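Enquirer: Need a 3D model of the following:
(one chain, ligands or ions: 2)
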Amino acid sequence: STPENWRAADDYLADTLVGHDPALEATLSAQRAAGLPDIEVAPVSGKLLNLLVRISGARRVLEIGTLGGYSTIWMARAVGEHGRVVTVEAEAGNAAIARASIDAAGVGDRVEIRVGRAADVLPTLVGGFDLVFIDADKESNTVYLDWAARLGHPGTVVVLDNIGREGEIARADSTDPMVIGTRDALQMLGEDPRFDATALQTVGLKGWDGVAIALVV
Ligand code: DHB
Ligand code: MG
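Expert: Ligands and ions are numbered 1, 2, ... in the order given. Okay, the predicted model is just below:
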């Protein structure tokens, strides 16, 4: 249902600025072969995550929602040889697929996968994260933002995926739990004094969606 011109323009941008990437393409093939959903970030967004890690100088990255490891690999490449990515995944099967792809991409020694519900795993983590990428069940987004602030520090970058939801975020009367979870998260980013944030809508390969970017202050 993605308009063909959005897809064509996104493919053009990825061809021009991201390029052919065998390890990431193999990661997507493995994910699809295992029947995981095609809800990983687009190539241009994976590269945005990579650049945000490098621009901010982040060495310790926390990811909530591993799926097949696609965004994990983008960020693991960016943290440098001595950097670390801790990524939390609720589904053990997804984590196994991700582990294999992350190792095959050559960044296995930088990535720790923690299997379990993020609400259970996050309280067990040692803080000090410099960048947090939240891309898991949208219903729990405010819980994840709270942990991002607690496990981060002033200067930590927080990236929240899927804030556009085809414009549904504008519907205050929505009964969709994912929209409600996203709206609650955006309200928290606007009101909670621990954050300073903005959000951008996007169109492309993944349809009409968006991303919020926040600074822990
Ligand atoms: C959904 C989740 C995602 O993280 C995403 O990027 C797209 C869709 C979903 O659960 O619908
Ligand atoms: Mg997402």
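
Enquirer: Asp184 sits in which helix or strand?
Expert: helix 177-191 (DSSP states H and E).

Enquirer: let me fix that: Gly210
Expert: Counting by DSSP H and E, Gly210 is found in strand 207-216.

Enquirer: Tell me the residues of the chain that contact ligand 2?
Expert: 135, 161-162 (C-beta under 5 Å from the ion). Just so you know, the C-beta spots here come from the backbone N, C-alpha and C atoms, and that holds for glycine as well.

Enquirer: Try it again at 6 Å.
Expert: 39, 135, 161-162 (C-beta under 6 Å from the ion).

Enquirer: Columns neighbour count, pLDDT and distance to ligand 1 on top of those, output as CSV?
Expert: Shown next, in CSV, are the residues of the chain next to ligand 2 (neighbours: other C-beta atoms under 10 Å; pLDDT from 0 to 100; distance: C-beta to the nearest ligand atom, whole Å):
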residue, neighbour count, pLDDT, distance to ligand 1
Ile39, 14, 98, 4
Asp135, 24, 98, 5
Asp161, 25, 98, 5
Asn162, 23, 98, 5
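
Enquirer: ok, back up a step: close to ligand 1, is the strand holding Gly210?
Expert: No. Strand 207-216 lies out of reach of ligand 1 by C-beta under 6 Å from any ligand atom, never closer than 6.8 Å.
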